[in-house]
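>>> Dropping a prediction and its sequence here:
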Amino acid sequence: MSDIHKIPLEERRRLRTKYYKKHHLANILTHWFNVGMWLLLLPTGIAIISSPRLNLTPLWWQELFRNIFGGPANLIQFHSILGLIWGFVLIFNVLLGFRKYFVPFAASRLMLDKDDINWLKIKPLQMLGLMKDKPLPPQDAYNAGQKLYMYVVILGTVGIMVSGVIMTFHEIFPSILKQWAQPLHWVSVFGIVAGLIIHVYMGAVFPEEKEAFFSMFSGKVSAWYARAHHEKWYWEKVKEELEWEDQIQQETSKQAEPGLPQSAATD
Amino acid sequence: MLTSRISRRDFLKIGGAAAGAFAAAQFIPPKVARASGHLLEDADGDGYIPTLCEMCVWRCGVLAKVEQGRVVKLEGNPEHPHSRGRLCARGQSGLMNTYDPDRVLTPLIRVGKRGEGRFRRATWDEALDIVAEEMLKIKNQYGPEAMIFSSTHNLSQVQFENLLNGYGSPNYGTQRSLCFNAMVTAFTLTYGVEEPARNYADVEFILLVGRNLLEAISTSETSELVDAIARGAKLVYLDPRFTKTAAKSAEWIPIRPGTDAAFLLAMIHVIVTNELADCDFVRQHVLGCDDIVEAMKEYTPAWAESITGVAATTIERIAREYAAAGKNALAHPGWRTSNFVNSFQTERAIATLNALSGNVLTPGGCLSAESPEASGIQLGKPPQPPYPRISALRLDGVPWKYPLVPLKLGVFQEIRDAILSGQPYQARGWFISRQNPVLSLPDRKRTLEALSKLDFIVVVDILMNDSSWFADVVLPEASYLERFDPLHVADSRIFIRQPVIEAQGEGRSALWIYKQLGERLGLGDYFQYQDEQDYLRQQLAPLGLSLETLRLKGYLEPPITREAKDIVFNTPSGKIEVYSPTLERAGFSPWPTWEEPPYPKADEFYLLTGKVGQHTQFATQNNALLHKYEDVPCLWIHPQAAEKRGIQNGDLVKVNSAVGQVLIQALVTEGIRPDCVYMTPGYGHLSKGLRIAYGHGASDSDLHVTYTDPISGGQALTQTFVTVEKA
Amino acid sequence: MVAKKRYGFVIDVSRCIDCRACLVACSVENDVPMNHTRIWVKDAGLKGSFPNLERMFIPYNCMHCENPPCIEVCVSGATYKDADSGLVLVDQEACIGCRFCVEACPYDARYTDERRGVVDKCDGCIKRLERGLQPACVATCVGGSRMFGDLNDPNSEVSIALKHASSIQRLDYEKDGHDTDPNIYYINGDVLHSGLTIRDPRYTLAEQSWKKVLVPAVLTGIGASFLVQAAYFTKQLLEGEKEFEE
């Protein structure tokens, strides 16, 4: 939005052909693993909930899955084994990539700054058709909405894991924990699901964000997309690029100077 | 993996519409037990092995369900007349008797002071050698009579008697004087039968005199009584306490303790003076027929009212109702009838009432003067030499002090007192098998004192019961689910007790223990069997029956020809001796008669005891399953009496008798006469080897004063009077 | 097709002598933990005053209700009414032992087996039924008070007993639209005035919060989220995609 319309055509062309890496392969794989697991866990989980008093799941859905799996016990067992695998892999990935991926991710991409707060003030109103002409503050690699949703996802994931473990290993937990684990599991899942509707729409259907969708495979977005949607991150990237260029230039000029050959040898 | 986990019900869910078809196939009849392989295992490897219960003395038939060498469930054997497919709470809990974590599983030899509970493990050889050595020492030094033998009412009793008779001791403690001496003596004298059988098939009127049949449960008989009541039979129940039997009775008469005989004599008075009896029967079969009206003359209902507190009109009405029912009336002989020194007269009056109704040995009659065991089956037994002649007096005073007490019953409490007094001679040793005199005898303090006077005590038991606790050697018996016992005959059938699992630890059958000991005592000739099964084969030999078939089926029904006999009673006259010349000769009243019992002082209570349906005497309090479902042992006290003493429900109270004191929780209830208190017997164990029972409740034996009925030798348990105060 | 089975108990209270053989038999048969029981004999206590007394014993266990409040609250469907037998059963492989059902049962007929962390209760000894045996409590009932069978079969022992009963009562819980419609029939005695009380179903705070707070809140969230998405999508459809404009 901002001043994007002022960019000249040549520059636009250049930006369209230039790509920045937005997602590490590890994150991409984790994301799609998560998607796969959710596709299996969500329908089975929904099918388990059969309390007539809560009346949450249609009977045909319950019966369908029970018949597929051969009864609630097997359905639950499938769900909990898969859930354990899901939780284990996620935790394992986070721990394994803690320093390389997770800490930088959390530090640079999850923290809300002033612009984000402003974005959060303006964006919802714009969605309601107000303040159409007010410019949105520039956004980081993720916009404030995405950041907020990420919090929901992280909290929800922890909630799902903790409550899931309590219910799976029910022999060792007191009943009061098991009582609360169930609504916690459910509210965690459907908290995520609520955001997921927008997440999936934005990611997979919404035309302006098409690049974001493909980036979840390639890991890359065009500079044009970055400039348009994540301006702050774009300038960061540009800055990084310039710094890199400077560094290379320095190094090449250093190499040209005689008298320091050993440093090159030790590299 | 998932498919293998699909349970039966999941199948139905999958099946959906096919569920109906499955449903039809679900409830198929039981698999027919395969009579091959290891006894009665079916295709699933589940075995049902027939054996006999020993949680009380009723001996119900049991089918023990065994899985992988463990008993997992006991069922009543439908083929056994005592169980008919049912077991009571105790029978059902029987596997916890076997799997009691407090089982004694190796022979133990005392190392600490007696009663301190310190034992060391020993091998069978060592333990048996010690026992034999000590017993021989006593025999050589003081004579065989210095050794007391006691054991009660179990199937191995025959071999126990061999041991004591072969050893040569006259001192046999059966514990029966603490139980049914009054009943057995009275019925033996009157009918020539120890305990006549009861028949409830056509009963219309039942008189229970303190026989709490719905709590002192004999499975089949209890069932029959409930059936009879449901059918409309009238139950009149005399008991100072509102028991569960009282709850099901048509009429509960909270009679003054010790005065039942007066009530019954007045009934007899009404029946004979109004000629309401079955005159044909009486004329033909009853000795005393002509003089009974005169003999009962003074026992009018008005007289009885003044003694019993029951209205004369009530007594008269009940007498008439009883007589009107004719041979369908039953006055129950009772069981634990050791209540007052006059209990023998109560039993004589009951015997008389039955004779008058003509219910004995008549078709459809409700009392059969034939003992249930007398079925005409003659089992064999191993050959043995005659017993040595015994000339020493019996310590229990039979017959020199108690001329009419049957030798096989004895007067147990007298033995204990003879140990203390040293009269007529000093006893030195006590061989106790499956018995617990420390808790069963009245006046526990004296019993413990007596034990401390002895040189040697050996106990055979499966648990560290209170008497084992004070023993020098404890010999671990195999539990009733782990051993063979001699055969049991009931209702023309031969039943077997056989091991359904391997004995745990070093537990051994009594048959084995007695034989080993007998051989070491030089009495091997009295134990001429190789092992338990050989013993049983010798029992079956004269009938030509196979032990294998018996083991598979659990019972055998040998063909017996029983000639139709004329009714002849096994008494000197061949008649029912309502008038007993035997009693007369011994210097007692030949007629059922009134003997005034002692009465408590104004601030005293009668101390009642009586069984609960969940325990057998002192033997089952450590059974976790029975403990689970028992009531907290309490002292029942009437609200008026409690209020006077400031006692609230649940308060701890002190109960004092002439010989002891106990602390116990009070249960304030309308269900007891204001002049009585009731205590559940069997609690208050001293042995720390019983982790559940130790310190739980209080022992009535601490309070009971020793009083002996001179005729029957019965201990008068209810003749103990106590005071109660808030602790 | 065979008529649907409706297994239930008929208890002749006039015959119960409180001997507790059923209690022990049940404990052994079903390996019930020592601190729990699946069946009870309720002592209604002494009525009246000395010497005019009455006392009644009321055996009970899971009533295998037609409309069981326990099933209403079971989240996983572990508690179910068996289509085959009509018994209310717990599939312990599907149960996590949260006690929603324990609290909901007006008869307090359920408990948690702490050893396995699951809820347990009377299952009519279904394993015995499959072998053609009566439930353990019924088989051993010394007084012949307990009967069990198919209430839909007019020739079953239970139906015949009902036909000949002098009185028939049930401990039905009927209140606030609930009607448990229990399948234990008490005959030949007045159990309704015995002092035995049936409590209201209890719903745990977790279950209540879930039903009354979380469900509406989350559904609102999902609805709002869906509306946003729908609005954008509608806009997208109406306006068409200006792909290259980006």
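Here it is on my side, so go on.
>>> Please count neighbours and contacts with C-alpha atoms only from this point.
Will do.
>>> Could you pull out the strands in the stretch 451-600 of chain B for me?
Here the stretch 451-600 of chain B has its strands, by DSSP state E, counting those that start in this stretch, at B:456-461, B:473-476, B:485-490, B:493-497, B:555-556, B:576-577.
>>> Extract the C-alpha set from the lengthiest helix in chain B and format it as CSV.
Ranked by residue count, the top helix of chain B under DSSP state H comes out as helix B:124-142. These are the backbone C-alpha positions of helix B:124-142, laid out as CSV (Å, rounded to 0.1, in the frame of the first residue of the first chain):
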residue,chain,number,x,y,z
TRP,B,124,9.4,-79.6,58.2
ASP,B,125,11.8,-82.2,59.4
GLU,B,126,13.2,-80.0,62.1
ALA,B,127,9.8,-78.8,63.2
LEU,B,128,8.3,-82.3,63.3
ASP,B,129,11.3,-83.7,65.1
ILE,B,130,11.0,-81.0,67.7
VAL,B,131,7.3,-81.6,68.2
ALA,B,132,7.7,-85.4,68.4
GLU,B,133,10.6,-85.0,70.8
GLU,B,134,8.6,-82.7,73.1
MET,B,135,5.5,-84.9,73.0
LEU,B,136,7.5,-88.0,73.8
LYS,B,137,9.3,-86.2,76.6
ILE,B,138,5.9,-85.3,78.1
LYS,B,139,4.6,-88.8,77.6
ASN,B,140,7.6,-90.5,79.2
GLN,B,141,7.8,-88.1,82.1
TYR,B,142,4.2,-87.4,82.9
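>>> Could you tell me the per-residue confidence at residue 124?
The chain I'm using is chain A. What the model reports for A:Pro124 is a pLDDT of 77.
>>> my question was about chain C
So C:Gly124 comes in at 96 (pLDDT).
>>> Leaving out chain neighbours, which residue sits closest to it?
Nearest non-adjacent residue to C:Gly124, counting by CA to CA, 6 or more residues apart in numbering or on different chains: C:Pro135, 5.8 Å away.
>>> List phi and psi for that neighbour.
The phi and psi values for C:Pro135, taken as degrees, to the nearest 10, are phi -50, psi 150.
>>> In this structure it contacts C:Cys141, no?
No - taking CA atoms under 8 Å as the definition, C:Pro135 is not a contact partner of C:Cys141, at 10.1 Å.
>>> neighbour count winner among these two?
Comparing C:Pro135 with C:Cys141 by neighbour count (other CA atoms under 10 Å in any protein chain shown), the higher total belongs to C:Cys141, at 28 against 24.
>>> Please tabulate the strands of the stretch 451-600 of chain B in CSV, including the columns mean pLDDT and distance to chain A.
Listed next are the strands of the stretch 451-600 of chain B as CSV, based on pLDDT from 0 to 100; distance: least, CA to the nearest CA, whole Å:
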stretch, mean pLDDT, distance to chain A
strand B:456-461, 97, 40
strand B:473-476, 97, 39
strand B:485-490, 93, 45
strand B:493-497, 94, 41
strand B:555-556, 93, 46
strand B:576-577, 94, 69
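>>> Which neighbouring elements make contact with the longest helix of chain B?
In terms of contacts (3 or more CA pairs under 8 Å, 6 or more residues apart in numbering or on different chains; DSSP states H and E), helix B:124-142 is packed against strand B:147-151, strand B:473-476, helix B:510-520.
>>> so which of the ones you listed gets nearest C:Tyr80?
Among the helices and strands packed on helix B:124-142, the nearest to C:Tyr80 by CA to CA is strand B:473-476 (48.9 Å).
>>> CA atoms of that closest one as CSV?
The C-alpha coordinates for strand B:473-476 follow below in CSV (Å, rounded to 0.1, in the frame of the first residue of the first chain):
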residue,chain,number,x,y,z
VAL,B,473,5.9,-74.5,67.1
VAL,B,474,3.6,-73.5,64.3
LEU,B,475,2.9,-76.0,61.6
PRO,B,476,1.6,-74.5,58.4
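>>> got the contact list for the longest helix of chain B?
The contact list for helix B:124-142, computed with CA atoms under 8 Å, 6 or more residues apart in numbering or on different chains, reads B:106-109, B:144-147, B:428-429, B:456, B:458, B:473, B:475, B:516-517, B:520-521.
>>> Go through it and flag the buried ones.
B:124, B:127-132, B:134-136, B:138-139 (16 or more other CA atoms under 10 Å in any protein chain shown).
>>> and chain C, which residues reach chain B?
Residues of chain C lying near chain B by CA under 8 Å from any CA of the partner chain: C:1-2, C:14-15, C:17-25, C:27-29, C:34-35, C:46, C:49-51, C:53-56, C:82, C:84-85, C:129-133, C:139-144.
>>> Now restrict those to buried residues only.
Among the residues of chain C next to chain B, those classed as buried by 16+ other CA under 10 Å are C:14-15, C:17-25, C:27-29, C:46, C:50-51, C:53-56, C:82, C:84-85, C:129, C:133, C:139-144.
>>> can you give me phi and psi for the residue of the stretch 151-267 of chain A found nearest chain B?
Here the residue of the stretch 151-267 of chain A nearest chain B is A:Thr168; by CA to the nearest CA that distance is 16.6 Å. Backbone torsions for A:Thr168, taken as degrees, to the nearest 10, come to phi -70, psi -40.
>>> Thanks again, I'm all set now.
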